[in-house]
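**Student:** Show me how the following folds:
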Amino acid sequence: MAEKRNPVIKCNKCRRLMGRAEPKWTKAGDIEYYYLQCPYCKTVYVISATDTALRHDIKRFKDMTAKSQGRQPTKKEIQEAQELLRANVARNREIKAQYPLETKL
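**Tutor:** Numbering: from 1, shown residues only. So this is what the prediction gives:
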């Protein structure tokens, strides 16, 4: 079995390696953010931003995929899961653009 490795993350601003960067979490109103922050120059990289509706849809997606564990999902189930995933990714991008994470250094 192959050993699981952490990805190498390099800051785009200062070009230094971040090492074992653990995602951080914060909440601003209804928006929850998961992000990485360079320990050297403090540049923030938002991984995801979700609101209540998107968190509900992410749970729906997880439930859909868990339901088909151990069996072959139907074409309809696959199509519904793919559409929901596309919508979730698009909504995540919208939220990140509409509500940029403001950090206090």
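
**Student:** where does this structure have low pLDDT?
**Tutor:** Applying pLDDT under 70 to the chain flags the ranges 1-6, 104-105.

**Student:** could you measure residue 51 against residue 37, distance?
**Tutor:** 22 Å (C-beta to C-beta, to the nearest Å). C-beta coordinates here come from the backbone N, C-alpha and C atoms, glycine included.

**Student:** now the helices for the chain?
**Tutor:** For the chain, applying DSSP state H gives helices covering 52-67, 75-98.

**Student:** starting at the chain centroid, how far to the last one?
**Tutor:** Right, helix 75-98. 12 Å (C-alpha atoms, centre = their mean, to the nearest Å).

**Student:** Against which helices or strands is it packed?
**Tutor:** Judged by 3 or more C-beta pairs under 8 Å, 6 or more residues apart in numbering; DSSP states H and E, helix 75-98 is in contact with strand 44-50, helix 52-67.

**Student:** do you know which of the helices of the chain lies nearest residue 11?
**Tutor:** Among these, the nearest to residue 11 by C-beta to C-beta is helix 75-98 (18.6 Å).

**Student:** Buried ones in stretch 28-41, by neighbour count?
**Tutor:** The neighbour-count check on stretch 28-41 (16 or more other C-beta atoms under 10 Å) flags 31, 32, 33, 35, 36, 37, 38 as buried.

**Student:** Equivalent analysis for stretch 49-64, please.
**Tutor:** Buried, per 16+ other C-beta under 10 Å, within stretch 49-64: 49, 50, 51, 54, 57, 58, 61, 64.

**Student:** correct me, but the last one touches residue 79?
**Tutor:** Translated: residue 64. No: applying C-beta atoms under 8 Å as the test, residue 64 and residue 79 come out as separate, 11.0 Å apart.

**Student:** And for residue 26, the neighbour number?
**Tutor:** 12 (other C-beta atoms under 10 Å).
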